[in-house]
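Engineer: Have a look at this fold, sequence not included:
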Ligand code: BES
Ligand code: MN
Ligand code: ZN
């Protein structure tokens, strides 16, 4: 875990391995670059000229041994054409600075954000640095583990311009806590299905509760049966892995104050069940617990930030497997709400586990319930991997989450939640079917959940397209949308 601090004085005199200063697109120097240029008697500006440094956002240039500068390396980062770096560019800059530092085996560097938008830039750079320094190695062999290049960066110091000095400490705290939550979500998501089981999630929940002072209850099959979660349990029929229902409670608000409840889909592996998925890319379905991972991440960040609110995190965890005992298409089950469900497609299992958690959420008399789920391929078709889908029965709730998503570049696009779509879920044998046709698949999935979320303000986040990158060098969890949701919680402070 990287130590982020605010201990840095002047760019030219800070004793550290590297100092990072910004330069605009026309080689116009930021306040910090001016400080370096002055101390080095114009050597910085001359070097920029020789290197024809573009100043493009995201670009980084390394300079060595500038005269009059205490640090042996100066990392120049582009500030682009705009007044301030965008969230996306600041994140990329954080990543680029950390990668440059890691390449040079640098243990510590100091960053001096430009005056315009310094606080936001710092926030996103923290997330970028921690992203670039994240390594997954839990299931590598010992020989490979030793060889995986561990990031050299241990500490990053921010030297803030005068205008941002007052707001910096709390902003940094929030950024760092967010990065811890994101990293936790990533790690849980990346665990293979045979490691990241429902029981493992239960253990992780207890560990997190212990280290971060949260209340947690981890329920086993018997306790889940007792709650009457017949819909949730129908998904577990084919699996030998025991299910878990996890309830986190964070009490930062007044006693009895209505909490915000987060609900995460935790299908630790989704084969589709008897409605078996095709073989290609089926490994992606280890990430079908990314909604649960998000809840873990948000609870971790919240426990570190200690907002004056009550927050509940619910995680529904199980596997979806075919077997002689598995649910068959056409089987009917009774949900905790009493509504019966005809399971026409066992691969539409996310809604079956979430609906019982949404009913359970009623007991908290919540101010809002937000579920997070890799729910439908249809949402990926509709929105790709840029925006997650948001469906909500409350404009206020939806707008607040969308605003946080914009701020964190962890974006959502509002999708329709309208009664007209409900008809497609009609069944001749139960109160509803679990699937409609192919048309509007992300919407009908949301409509199914809506039937269980009538007693409170509710938002459903379909993160199937954004929770992980499915191929390439960056194949892995993204940790989305932890950053947006932590910002949403903190925006209510
Ligand atoms: N976990 C999947 C959704 C998914 C698809 C997540 C692709 C990430 C990437 C979900 O359980 C599922 O299988 N949904 C079905 C629903 C269908 C049977 C109505 C789907 O999207 O095909
Ligand atoms: Mn499925
Ligand atoms: Zn699924």
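Structural biologist: Now that the structure is in, tell me what you want to look at. These numbers come from a predicted model, not from an experiment. Ligands and ions are numbered 1, 2, ... in the order given.
Engineer: Could you find the closest non-adjacent residue to the residue in the stretch 101-250 of the chain that ligand 2 sits nearest to?
Structural biologist: Relative to ligand 2, the nearest point of the stretch 101-250 of the chain is residue 235 (9.2 Å; C-beta to the ion). Glycine gets a C-beta too; all of them are placed from N, C-alpha and C. For residue 235, ignoring the flanking residues on the chain, the nearest one in space by C-beta to C-beta, 6 or more residues apart in numbering is residue 349 at 4.5 Å.
Engineer: Does the one you found touch residue 268 like I think?
Structural biologist: No - applying C-beta atoms under 8 Å as the test, residue 349 and residue 268 come out as separate, 11.7 Å apart.
Engineer: After the longest helix seen in the chain, heading C-terminal, what element do we hit next?
Structural biologist: In terms of residue count, the longest helix belonging to the chain (DSSP state H) is helix 168-190. Downstream of helix 168-190, the next assigned helix or strand under DSSP states H and E is helix 198-212.
Engineer: who's in contact with that following helix?
Structural biologist: With contact meaning C-beta atoms under 8 Å, 6 or more residues apart in numbering, helix 198-212 is reached by 184, 188, 191, 214-216, 218, 241-244, 246, 248, 266, 268, 289, 292, 296, 299-300, 303-304, 315, 317-319.
Engineer: From the residues you listed, list just the buried residues.
Structural biologist: Buried by 16 or more other C-beta atoms under 10 Å: 184, 188, 191, 214, 216, 218, 241-244, 246, 248, 266, 268, 289, 292, 296, 299-300, 303-304, 315, 317-319, out of these.
Engineer: circling back: who's in contact with the residue of the stretch 101-250 of the chain closest to ligand 2?
Structural biologist: Applying C-beta under 8 Å, 6+ apart, the residues near residue 235 are 267, 273, 318, 320, 327, 346, 349, 352, 353.
Engineer: check contacts around the residue nearest to residue 235.
Structural biologist: Contact analysis of residue 349 by C-beta under 8 Å, 6+ apart lists 235, 267, 270, 273, 320.
Engineer: mean confidence score for stretch 457-470?
Structural biologist: Stretch 457-470 carries an average pLDDT of 99.
Engineer: Around ligand 3, pick out the residues from the stretch 1-150 of the chain.
Structural biologist: Proximity of the stretch 1-150 of the chain to ligand 3, by C-beta under 5 Å from the ion, involves no residues.
Engineer: What residue in the stretch 1-150 of the chain comes nearest to ligand 1?
Structural biologist: Nearest residue of the stretch 1-150 of the chain to ligand 1: residue 136, at 19.3 Å (C-beta to the nearest ligand atom).
Engineer: give me phi/psi at that residue?
Structural biologist: phi -100, psi 120 (degrees, to the nearest 10).
Engineer: Distance of it relative to residue 76?
Structural biologist: Distance of residue 136 to residue 76, given as C-beta to C-beta, to the nearest Å: 31 Å.
Engineer: higher neighbour count, the two?
Structural biologist: Legend: neighbour count by other C-beta atoms under 10 Å for residue 136 and residue 76, higher for residue 76 (27 against 14).
Engineer: And residue 349, how close does it get to ligand 2?
Structural biologist: 5 Å (C-beta to the ion, to the nearest Å).
Engineer: Strands along the stretch 351-493 of the chain, start to end?
Structural biologist: Ranges of strands in the stretch 351-493 of the chain, per DSSP state E, counting those that start in this stretch, are 368-373, 388-392, 412-414, 432-433, 458-462, 468-469, 476-477.
Engineer: Show me which residues of the stretch 301-450 of the chain sit near ligand 1.
Structural biologist: 345, 347-350, 374-378, 380, 435, 441 (C-beta under 6 Å from any ligand atom).
Engineer: Any buried residues in the lowest-mean-pLDDT helix or strand in the chain, and which?
Structural biologist: Least confident helix or strand of the chain, by mean pLDDT, DSSP states H and E, is helix 142-147 with a mean of 86. Residues of helix 142-147 include none that count as buried (16+ other C-beta under 10 Å).
Engineer: Which helix or strand lies directly C-terminal to it?
Structural biologist: As assigned by DSSP H and E, the chain's next helix or strand after helix 142-147 is strand 155-158.
Engineer: May I have the strands that pair with that next one, each with its orientation?
Structural biologist: Strand pairing for strand 155-158, using DSSP bridges, gives strand 3-5 (parallel), strand 108-112 (parallel).
Engineer: what's near enough to touch residue 225?
Structural biologist: residue 233.
Engineer: Skip the chain neighbours and tell me the closest residue to the residue of the stretch 1-150 of the chain closest to ligand 1.
Structural biologist: Looking at residue 136 with C-beta to C-beta, 6+ apart, the closest residue is residue 190, at 4.9 Å.
Engineer: Distance of that neighbour relative to ligand 3?
Structural biologist: Distance from residue 190 to ligand 3, counting by C-beta to the ion: 17 Å.
Engineer: Now do that residue, the pLDDT please.
Structural biologist: At residue 190, pLDDT is 98.
Engineer: That one and residue 476 touch, don't they?
Structural biologist: Yes - shown here, residue 190 and residue 476 form a contact pair, counting by C-beta under 8 Å, at 5.4 Å.
Engineer: thought residue 415 was touching residue 387?
Structural biologist: No - counting by C-beta under 8 Å, residue 415 does not reach residue 387; the two are 9.6 Å apart.
Engineer: What count of nearby residues applies to residue 320?
Structural biologist: When neighbours are defined as other C-beta under 10 Å, residue 320 has 30 of them.
Engineer: how close does the residue of the chain found nearest ligand 3 get to residue 293?
Structural biologist: When scored by C-beta to the ion, the chain has residue 270 as its residue closest to ligand 3, at 3.7 Å. Residue 270 sits 14 Å away from residue 293, taking C-beta to C-beta as the criterion.
Engineer: same check, this time on residue 8
Structural biologist: For residue 8, the distance to residue 293 - C-beta to C-beta - is 34 Å.
Engineer: Between these two, tell me which one has more neighbours.
Structural biologist: Neighbours were counted for residue 8 and for residue 293 using other C-beta under 10 Å; residue 293 has more, 36 against 21.
Engineer: mind checking how far residue 313 is from ligand 2?
Structural biologist: From residue 313 across to ligand 2, the span is 22 Å (C-beta to the ion).
Engineer: wait, what's in contact with that residue?
Structural biologist: 246, 247, 248, 249, 250, 261, 262, 264, 295, 296, 298, 299.
Engineer: for it, helix, strand, or coil?
Structural biologist: Using DSSP: H, G, I helix; E, B strand; the rest coil, the structure places residue 313 in strand.
Engineer: And for the one 3 residues further on?
Structural biologist: Under three-state DSSP, the three-state class of residue 316 is strand.
Engineer: which residue packs closest to it, ignoring adjacent ones?
Structural biologist: Spatially, and ignoring its direct neighbours in sequence, residue 316 is nearest to residue 353 (4.3 Å; C-beta to C-beta, 6+ apart).
Engineer: per-residue pLDDT, that neighbour?
Structural biologist: pLDDT at residue 353 comes out at 99.
Engineer: Tell me who's in contact with it.
Structural biologist: Contacts for residue 353 (C-beta under 8 Å, 6+ apart) come out as 231, 232, 235, 265, 266, 267, 316, 318.
Engineer: Show me which of those residues is closest to ligand 1.
Structural biologist: residue 267 (6.4 Å).
Engineer: Next one: the nearest residue to the closest one once chain neighbours are set aside from residue 402, what distance?
Structural biologist: Distances taken as C-beta to C-beta, 6+ apart place residue 288 nearest to residue 267, at 4.0 Å, with adjacent residues excluded. Distance of residue 288 to residue 402, given as C-beta to C-beta: 25 Å.
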